[in-house]
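In: Please work out how this folds:
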Amino acid sequence: MIALANLRTQWTSFLAAFLATAFGAALISATLIVFDSSQPVVQPRLEGAAALVLPAQAEDEFGNPSDFIPWTSGEAQRIADDVRGVPRTDAIVIDRSFYAQPFIGGTPIEDEGAKESGHGWSSAQLAPYVLTAGEAPTGFDQIVVPVSLNVAVGESISINLAAGLRDFTVSGTLDGPGFYFTDDYAAQLNPGVRSVGVVGASPAIEELAPQIQEVVGDRGTVISGDARAALEPEYISHRRNLGSQLIVAMSTIGLFTTVFVVGSTLTLAVSERRREIGLLRTVGASPGQIRRMVLGEAAAIGLVGGLVGAALGVSSTPALRALLLNLGVAPPDFHIHISAWPLLVAVGVGVAVAVLGAWAAAGSATKVAPIEAMLAVAVERKPMTRSRWVAGLVALIGGLVATVVTATAGADSRINTAIAAAMFLIVAAALLAPVIIGPIVSMVTWPLARRSKSAAPMLIRAELTTGTRRVAATAAPVIAAVGFAVLLSGMVQTMAAAYPAEQTEQARGLAIVVPDRTAGLSDQVVLETGAGPVGTRAPLPTRLFVHEASGDVMVVDGIGSLDERYAVAGQAVLDEATARLLGVQSGDTIPVRFVDGRSEEFRISQVLSLDPARGTFVVPRETVRDHDPSALTDSVFVPEDQAPIEFTAGAMVTDAYNYALQDYRVDARLTNWLAAVLTVMAVGYSGLSVANSMAMSAHQRRPDTAVMKGSGGTVRQLLSVAFGESAIVVMIGSVLGLIVALPPLGGMAVGLSQVTETEVGLQVGWPTVLSVVAGCLLLASVSTLAVTRRVLGTPPG
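Out: Numbers count the residues shown, from 1 in each chain. A predicted model of the protein is given here:
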């Protein structure tokens, strides 16, 4: 009851905590709704399949389930024949997907799913799609195309395959996407099989699935219903993973900033209420009751903020969906589905975050002595308590350790590690700030006090140095805002300087042939470049399945090379990291399974240091092409003086610098947007707290202001003092924010220097940082001056 009464009478003191909690809950509910809605769904191409039989999955280098280990054509055919013996199965389809992209009028039709657009005609039963005109293909020169292409039956169409452009006669048109060839021709283009579809009566599939599994045995796994979503195109999986990373980063920073803002706001509120709490102690309130009062206030704020935030989150999901689609990090068929559990979690998180943020403030409140009710002014007796020292030093050590880890982290975790380091250091700066605030304030105001005839510098110094914990709590949101602005803007610029520089250096003196609106380069284009074993690089990527010492199967990226140093039949060249991962060394022989399901043994001829231009697991290009007929070349590197002039459509020539920029452009776009979103979030949260904290501080000093006015202080002088205090607090917070962000940013630069083998300097986005500092100063000044003018009885304006 006391907590609720306090909320009614002192709601302005808790406004920033309420808004921060509401926005935090809104972010959690929105991201959880989007995350729940973006889970894999059954692809339209497979909706007609009652069940799918899938092979075992390999693990990636991190031990996560990854690619399905393909069957050979013979293995898949035996499984299909066995499943046909199960009653009530209408059709058994050996499903294949491979690269096929149409050229209309000599121009490629762009399609991000082109690598998996080609299928055998039998796969049309899995949709099911139906012919709108014509008939199924019967010869290797016939094809069924989508009716949306507006190509009539009997007309010719050019289809780009991995071997190159080939003309086909349209035998029929289909009411769905994809290009359908004869099953025999599809088996030539993609011999390996990753799924066998079962067409049957859906109501009976729950009974059929166990029977099919019994027939298949340990050769594969039978899935049905929503589980069929496990088989989705690679580009959709990639989009989903990128979207998940963005959502996780937003949620992490949102939660941290919410706890930080709520904690600093409630700490300031408690410090300004020491006389009130002392009075409660005088009339008999125990420390436990005081703690429960503060935590009860926080819980009430969290509950109301969580409920408001959950509603805001639901209304903001369309905007978040549009952002993800615009960034290309969401599946094209992504739709919002609202369920109850994200809203309940958001409300619960709102309460938990508010209570967690208030925990330190509650501990401080229990130490208020009854005698403080008799004091005319609340004076800090001990700015740094033992628990504050311990927590601050632990956060500092954690930040320094995370900074060191940032320098050695992998590419996938470097950004998250740097953000974690910044979070630790921001907390450390906020907790340890009282130690350095006094000296900084004295240093800044001393020259002003000597030169100025006004008493303002002296008053400012006295006010700030006698309330260092209050100043630290007020400066905390500025530390967070500026710290994240420095870190995130610096990360973008540091990576923009590192990665293009690395690729430019690697490709110096070379011309690069790259795809032009196609999914990759065909063998026809590679042949036109004149690529050979000396002076050129035409890496052909594929996926290789290798048995680990533990018996598990790991999938790694393989490269088919033309380089005579590595392209030796029966031999493979590995980099050191891959060799360690697989537990092999030079001279060992290992079996390797290819995407067509066949295996070969390779002798490890060399184990070399990391070289992205060479690849991690290199075998002869002819070997890769023999096993992977639909593999596409990403790019071809040729000496500048031998650069070809003309190509078949779908390829173009660029130089090293533009190639590096283009290659980084997609990642840069996502990184820039991520940094922008996270910066806006961090600054928005902190801006609320800055305005509220400054207003609270000015409001609590109204007796002092009235005394100074009664002593002859003019409105202008008192407003100058208020503005001076705000400016110095913002300056302190900005300096500390800059200091705490530089170590993780430096660790990131060191790590990128090691990875790219180029000199990467520390980069800071000064325009963004200065804008954030100016915004914090504006918010602090406006809120402080508005409250001070009200106290003075002068109408604003």
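In: could you say which helix or strand contains the closest residue to residue 768 other than its chain neighbours?
Out: Counting by Cβ to Cβ, 6 or more residues apart in numbering, the nearest residue to residue 768 once its immediate chain neighbours are dropped is residue 489, at 4.1 Å. Where you see a C-beta, it was placed from the backbone N, CA and C, and this is true even at glycine. Of the helices and strands defined by DSSP states H and E, residue 489 is found in helix 468-506.
In: hang on, the earlier thing: per-residue confidence at the residue nearest to residue 768, what does it come out as?
Out: Looking at residue 489, its pLDDT stands at 82.
In: And for it, the neighbour number?
Out: Other residues within reach of residue 489, judged by other Cβ atoms under 10 Å, total 25.
In: swap in the one 4 residues further on?
Out: Here the neighbour count serves as a burial measure; for residue 493 (other Cβ under 10 Å) it reads 19.
In: Distance check, the residue nearest to residue 768 against residue 729.
Out: Separation of residue 489 from residue 729 (Cβ to Cβ, to the nearest Å): 23 Å.
In: Over to residue 784?
Out: Computed as Cβ to Cβ, the residue 784 to residue 729 distance reads 9 Å.
In: Likewise for residue 788?
Out: As defined by Cβ to Cβ, residue 788 lies at a distance of 14 Å from residue 729.
In: What of residue 582?
Out: Here the distance between residue 582 and residue 729 works out to 57 Å (Cβ to Cβ).
In: Comparing the two, which shows the higher neighbour count?
Out: Each of residue 582 and residue 729 has its neighbours counted (other Cβ under 10 Å); residue 729 has more, 27 against 20.
In: Does that one touch residue 470 like I think?
Out: No: the pair formed by residue 729 and residue 470 falls short of the contact definition of Cβ atoms under 8 Å, at 9.6 Å.
In: Following element in sequence after whatever helix or strand residue 265 lives in, please.
Out: Under DSSP H and E, the secondary-structure element containing residue 265 is helix 234-271. Scanning the chain past helix 234-271 towards its C-terminal end, the next helix or strand to appear is helix 274-282 (assignment: DSSP H and E).
In: List phi and psi for residue 731.
Out: phi -60, psi -40 (degrees, to the nearest 10).
In: doesn't residue 437 make contact with it?
Out: No: in terms of Cβ under 8 Å, residue 731 does not count as a neighbour of residue 437; the distance is 11.1 Å.
In: Compare those two (neighbour count), which wins?
Out: In this view residue 731 and residue 437 are compared by other Cβ under 10 Å, and residue 437 has more residues nearby, 24 against 18.
In: ok, now which ones touch that one?
Out: Taking Cβ atoms under 8 Å, 6 or more residues apart in numbering as the contact definition, residue 437 lies against 464, 465, 468, 471, 472, 475, 732.
In: Name the residues of stretch 334-344 that are buried.
Out: Burial within stretch 334-344, assessed by neighbour count using 16 or more other Cβ atoms under 10 Å, is assigned to 334, 342, 343.
In: Equivalent analysis for stretch 575-589, please.
Out: Of all the residues in stretch 575-589, those buried under the rule 16+ other Cβ under 10 Å are 575, 578, 579, 581, 582, 584.
In: for stretch 632-646, same thing?
Out: Going by 16+ other Cβ under 10 Å, stretch 632-646 has these buried residues: 632, 633, 634, 635, 636, 637, 638, 643, 644.
In: Report the rounded mean pLDDT for that stretch.
Out: 82.
In: Can you tell me what sits against that stretch?
Out: Taking Cβ under 8 Å, 6+ apart as the criterion, the residues outside stretch 632-646 that touch it are 99, 115, 162, 507, 509-515, 519-523, 525-526, 528-531, 535-541, 653, 655, 659.
In: Dump that stretch to CSV, keeping only the CA atoms.
Out: Taking Å, rounded to 0.1, in the frame of the first residue of the first chain, the C-alpha atoms of stretch 632-646 are listed here in CSV:
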residue,chain,number,x,y,z
LEU,A,632,28.4,-22.5,-59.9
THR,A,633,31.6,-20.5,-59.8
ASP,A,634,31.3,-17.4,-57.7
SER,A,635,34.0,-15.4,-59.5
VAL,A,636,37.0,-15.7,-61.8
PHE,A,637,40.3,-13.8,-61.2
VAL,A,638,42.5,-13.1,-64.2
PRO,A,639,45.4,-10.8,-64.8
GLU,A,640,44.2,-7.3,-65.7
ASP,A,641,46.0,-7.4,-69.1
GLN,A,642,44.2,-10.6,-70.0
ALA,A,643,40.7,-9.5,-68.9
PRO,A,644,38.1,-10.6,-71.5
ILE,A,645,36.0,-7.9,-73.3
GLU,A,646,32.8,-9.8,-74.1
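In: Give the other helices and strands that the helix or strand residue 292 falls within contacts.
Out: Secondary-structure assignment from DSSP H and E places residue 292 in helix 287-327. Helix 287-327 makes packing contacts with helix 2-9, helix 15-37, helix 234-271, helix 274-282, helix 340-365, helix 656-700 when contacts are defined by 3 or more Cβ pairs under 8 Å, 6 or more residues apart in numbering; DSSP states H and E.
In: how far off helix 340-365 does it point, in degrees?
Out: Between the axes of helix 287-327 and helix 340-365, defined by axes from the mean of the first three to the mean of the last three Cα atoms, to 10 degrees, the angle is 140 degrees.
In: next one: helix 287-327 to chain centre, how far?
Out: When C-alpha coordinates are averaged (Cα atoms, centre = their mean, to the nearest Å), helix 287-327 and its chain have centres 22 Å apart.
In: How about stretch 163-176?
Out: Here the centre of stretch 163-176 is set off from its chain's centre by 39 Å, with Cα atoms, centre = their mean.
In: What's the mean pLDDT across that stretch?
Out: 95.
In: Which positions within that stretch qualify as buried?
Out: Judged by neighbour count using 16+ other Cβ under 10 Å, the buried positions of stretch 163-176 are 164, 165, 166, 168, 170, 171, 172, 173, 174, 176.
In: So which of those residues are in strands?
Out: Mapping these onto strands (DSSP state E) picks out 164, 165, 166, 168, 170, 171, 172, 173, 174.
In: Tell me what the second one is bridged to.
Out: By that I understand residue 165. residue 160 (DSSP bridges).
In: looking at it, it is touching residue 648, isn't it?
Out: Yes: the criterion here is Cβ under 8 Å, and residue 165 meets it with residue 648 at 6.2 Å.
In: ok, now which ones touch residue 596?
Out: Applying Cβ under 8 Å, 6+ apart, we find residue 596 in contact with 70, 72, 73, 190, 191, 192, 627, 628, 629.
In: The last one: helix or strand, and which one exactly?
Out: Counting by DSSP H and E, residue 629 is held by no secondary-structure element, helix or strand.
In: ok, and the closest non-adjacent residue to it?
Out: Taking Cβ to Cβ, 6+ apart, and ignoring the residues beside it in sequence, residue 629 has residue 189 as its nearest neighbour in space, at 5.5 Å.
In: Residue 119 versus that neighbour, what's the distance?
Out: For residue 189, the distance to residue 119 (Cβ to Cβ) stands at 10 Å.
In: One more: residue 565?
Out: Separation of residue 565 from residue 119 (Cβ to Cβ): 39 Å.
In: Those two: who's more crowded?
Out: Taking residue 565 and residue 119 together and counting by other Cβ under 10 Å, residue 119 has the greater number of neighbours (26 against 14).
In: List the neighbours of the host helix or strand of that one that are in contact with it.
Out: Secondary-structure element containing residue 119, defined by DSSP H and E: strand 118-120. Contacts of strand 118-120 from elsewhere in the structure, counted by Cβ under 8 Å, 6+ apart, are 45, 94-100, 161, 178-183, 185-187, 189-190, 630.
In: ok, then the element right after the strand or helix carrying residue 407?
Out: Following DSSP H and E, one finds residue 407 within helix 386-408. Helices and strands here follow DSSP H and E; after helix 386-408, the next one along the chain is helix 414-451.
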